[in-house]
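1. Sequence plus predicted model, see below.
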Amino acid sequence: MTELTFRVFLPHTPVQELDHLASHPYSYSSLILEFEDLDPSGELPEDAMNCCSIVITDSKEAFDRLFSREENAPQLLIAARPEDAVGMGIGLEEGNFAGLIPLGRPAAEQVLAFQQAVKGAIANFRSVKYKGFLDTMIDGMPELVWFKTCEGAHMMVNQKFCSTVRKTREDIRGHGHYYIWDITPAEYMKGEFVCMESEQEVMDKMHTCVFEEQVLTHDGMKHFMTYKTPLLLPDGQLWGTVGIAYNLSDYSNLGVEMSYVFETLPHPIMIRDANGVASFISTKFKNAFGVENLNDFDYERWMKAAFDINVHDQGKQRTETTSKTEKINSLVYKLHDSDRYFRIIESEIHDYFGNRTGFYNVFEDVTTEEVYRLKVQDLADHDPLTNLYNRRYFIGALERNNDREQAIIFLDLDFFKLINDNYS
C-alpha cells in the first residue's frame with residue numbers, strides 16, 4: 001500500500017512540553033509522520049497548505065491566521081490548557097480545527113489527544129481524496145450527473161450539468177427543478193414533463209429506473225434518457241437519488257449501445273454534430289483513413305486534404321429527399337495519391353422534436369465500380385482510331401462551360417478523307 005505522509009508542525013514554545021510528540025514510537029501501518037518546527041510567525045510553507053499537514057500552535061493569532069473552511073486546509077490543533085482554550089472562543093462546529101493538545105497534563109494524555117487528532121486528519125484526508133476522485137470522474141463524463149435529496153434539492157452536479165443549465169455549482173446547490181431549469185410550475189404542468197414524478201417513482205420502488213424525459217431548457221426542448229438510483233445513508237435511510245442523463249438531442253454524446261451498432265456496419269462511419277464537428281468515428285474509418293482520434297480534428301480541412309474534391313467536373317452529386325426535412329447527399333471522391341474512390345453518403349440527424357442535431361456520414365468504397373465507370377466514360381468520349389476526343393465529348397464540354405466565354409477554332413485538313421478511307 002502506498003504510504004501517506006503527514007507533515008506535523010510543532011511550535012517553538014513551549015517546546016519542553018511537546019518534544020515527546022515527535023519522539024513517541026507510533027505504529028501506523030501506512031502513515032509516516034514527519035515533524036518540523038513551526039515558523040515563529042505561524043506561517044506555513046506554500047507546499048504545506050493542504051490537508052496532509054497538521055499544525056500545532058499555542059498562539060491564538062496563528063490559529064486565526066490558519067483557520068479555514070476549505071476542504072483541503074491544514075488540520076489545526078491548539079496547544080493550551082483546557083480552561084484557557086475555552087476562553088479563546090475557538091469554534092468546534094466547522095472548519096479545520098482538529099483538536100486540543102492539553103498543556104499541563106501527562107505526556108501520555110497529550111500523545112493520546114494527538115493520536116485522536118491524527119485519526120481525524122486521516123479521515124478528513126480520505127474524505128477530500130474520495131471527493132476529488134468523484135468530482136474528477138463525474139466531470140469527465142459526457143452525460144449530465146446530479147445528486148439530489150428526497151426534497152428535490154440538487155446538492156452536487158458535474159460540469160456537463162452546469163454547462164447545460166448555464167449555472168455554476170454554487171448557484172445550483174440546494175435548489176430545485178424550477179429554479180435550475182428556469183421554468184415556472186405553471187409551465188411544468190402544461191408540458192408533458194415527468195422529471196419530478198420519476199424521482200418519486202425511484203424512491204418508491206427503491207431500485208434503478210430508466211426514463212425518457214423531455215426538459216425545457218435555454219436552447220429549447222431537450223430529450224433525455226435518464227438512469228436514476230436511490231441513495232441510502234449508512235443507517236439504511238433514504239437520502240435521495242443520483243441521476244445520469246444521456247442527452248438524446250446531442251449527437252456528440254453517443255452512447256455505448258450506438259457505438260456497437262456503428263461498429264457492426266460494413267463501411268467507415270462518422271457522426272458530426274449540428275455545427276459539423278466530428279464526434280464519433282468507427283474503427284473501420286480509422287483503418288481506412290489513418291485517423292487515430294478526434295483531437296484537433298477539422299472535418300472540412302480533412303476532406304480537402306484527403307480527397308480530390310473536384311475530381312469530376314460534372315459534379316456527380318445526387319440529392320434524395322426522403323421527407324420534408326431530411327436530405328441525403330451522395331458524392332464520389334478520389335483519395336489523394338491513390339486509386340481508391342469513396343462514395344460519401346451524408347444524411348441529416350434529427351432529434352425527438354424534429355430539429356437537425358447532426359450529420360451521419362457513410363464512406364462507401366466504390367473503387368471497382370468507379371474504375372469501370374471511368375473506363376466506359378473514356379471509351380464513350382474518345383475516337384477509337386485517333387484516341388482524340390469525339391463529338392460527344394465536344395458537346396458535353398460546351399455544356400459544362402456554358403457559363404463562361406468560349407472560343408472555337410475550325411481546321412480544314414486537306415485529303416483527310418484518304419486517311420478515313422484507308423484506316424477506318
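-> Cool, the structure landed.

2. For the stretch 51-200 of the chain, just list every one of the helices.
-> For the stretch 51-200 of the chain, applying DSSP state H, counting those that start in this stretch gives helices covering 60-66, 82-87, 107-139, 159-165, 169-172, 177-181, 185-190, 195-205.

3. Give the buried residues for stretch 11-24.
-> 11, 17-18, 21 (16 or more other C-beta atoms under 10 Å). No exception for glycine: its C-beta is placed from N, CA and C like everyone else's.

4. swap that for stretch 67-74, please
-> Buried residues in stretch 67-74, counted by 16+ other C-beta under 10 Å: 67, 72-74.

5. what's the spacing between the residue nearest to Gly174 when sequence neighbours are not counted and Lys60?
-> Distance criterion C-beta to C-beta, 6 or more residues apart in numbering; nearest residue to Gly174, sequence neighbours excluded, is Ala153 at 5.1 Å. Distance of Ala153 to Lys60, computed by C-beta to C-beta, to the nearest Å: 37 Å.

6. ditto for Ala98
-> Separation of Ala98 from Lys60 (C-beta to C-beta) stands at 16 Å.

7. Of these two, which one has the most company?
-> Per other C-beta atoms under 10 Å, whichever of Ala98 and Lys60 has more neighbours is Ala98, with 22 against 16.

8. Count residues in the vicinity of the closest residue to that one other than its chain neighbours, would you?
-> Leaving aside its sequence neighbours, Ala98 sits nearest to Gln75 (C-beta to C-beta, 6+ apart; 4.1 Å). Gln75 is flanked by 25 other residues according to other C-beta under 10 Å.

9. Is Gln75 bridged to anything, and to what?
-> Beta bridges link Gln75 to Ile54 when assigned by DSSP bridges.

10. again with the one 5 residues further on
-> The residues listed as beta-bridge partners of Ala80 by DSSP bridges are Pro102.

11. Which pLDDT value does the model give it?
-> Per-residue pLDDT puts Ala80 at 89.

12. Show the contacting residues for it.
-> Ala80 is in contact with 58, 88, 100-103, counting by C-beta atoms under 8 Å, 6 or more residues apart in numbering.

13. Of the residues you listed, keep whichever come out buried.
-> The buried subset of the contacts of Ala80 - by 16+ other C-beta under 10 Å - is 58, 100-103.

14. and the residue nearest to Gly174, what are its phi and psi?
-> With angles defined as degrees, to the nearest 10, Ala153 sits at phi -90, psi 130.

15. Per-residue pLDDT of it, please?
-> 93.

16. Same question for Phe297.
-> pLDDT, read off for Phe297, is 92.

17. Identify the residues contacting it.
-> With C-beta under 8 Å, 6+ apart, Phe297 has these contacts: 278, 291.

18. Next secondary structure after the element among helices and strands of the chain having the smallest mean pLDDT?
-> In the chain, the helix or strand scored least confidently by mean pLDDT, DSSP states H and E is strand 317-321, which has a mean of 46. Once the chain leaves strand 317-321, the next helix or strand it forms, by DSSP states H and E, is strand 327-335.

19. Which positions in that next one come out as buried?
-> Buried residues in strand 327-335, counted by 16+ other C-beta under 10 Å: 330-335.

20. Show me which of those residues is closest to Arg373.
-> Val332 (8.8 Å; C-beta to C-beta).

21. about what we covered before: could you redo the buried ones among the contacts of Ala80 as a markdown table and give each row pLDDT and distance to Ile183?
-> Formatted as a markdown table, those follow (pLDDT from 0 to 100; distance: C-beta to C-beta, whole Å):
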| residue | pLDDT | distance to Ile183 |
| --- | --- | --- |
| Asp58 | 88 | 56 |
| Leu100 | 92 | 51 |
| Ile101 | 93 | 54 |
| Pro102 | 92 | 57 |
| Leu103 | 90 | 59 |
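
22. Contacts only, for the nearest residue to Met49 once chain neighbours are set aside.
-> The spatial neighbour of Met49 that comes closest, neighbours along the chain excluded (C-beta to C-beta, 6+ apart), is Pro74 at 6.4 Å. Pro74 makes contact with 44, 48-51, 53-55, 66, 68, 96, according to C-beta under 8 Å, 6+ apart.

23. and those residues, which are buried?
-> Of the contacts of Pro74, these count as buried by 16+ other C-beta under 10 Å: 44, 49-51, 53-55, 66, 96.

24. In CSV, list those along with pLDDT and distance to Asp273.
-> Output for the buried ones among the contacts of Pro74, formatted as CSV (pLDDT from 0 to 100; distance: C-beta to C-beta, whole Å):
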residue, pLDDT, distance to Asp273
Leu44, 92, 48
Met49, 95, 42
Asn50, 95, 40
Cys51, 95, 41
Ser53, 96, 46
Ile54, 96, 50
Val55, 95, 50
Leu66, 90, 48
Asn96, 92, 45
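
25. Adding distance to Asp381, write those residues out as CSV.
-> Compiled in CSV, the buried ones among the contacts of Pro74 are given as follows (distance: C-beta to C-beta, whole Å):
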residue, distance to Asp381
Leu44, 84
Met49, 79
Asn50, 77
Cys51, 79
Ser53, 82
Ile54, 87
Val55, 88
Leu66, 87
Asn96, 84
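
26. Surely Ala305 is in contact with His336?
-> Yes: at 7.3 Å, Ala305 counts as touching His336 under the criterion of C-beta atoms under 8 Å.

27. Looking at those two, which is more packed in?
-> Between Ala305 and His336, His336 has the larger neighbour count (other C-beta under 10 Å), namely 13 against 10.

28. hang on, that one packs against Lys304?
-> No: His336 lies out of contact with Lys304 (C-beta under 8 Å); the separation is 9.5 Å.

29. Quick check: which ranges of the stretch 1-150 of the chain have low pLDDT?
-> Applying pLDDT under 70 to the stretch 1-150 of the chain flags the ranges 1-2, 13-16, 89-92.

30. Now with 80, please.
-> Scanning the stretch 1-150 of the chain with the threshold set as pLDDT under 80 gives 1-2, 12-17, 85-94.

31. Out of the buried residues of strand 327-335, the closest to Arg126 would be?
-> Closest approach between these and Arg126, by C-beta to C-beta: Leu335, at 55.2 Å.
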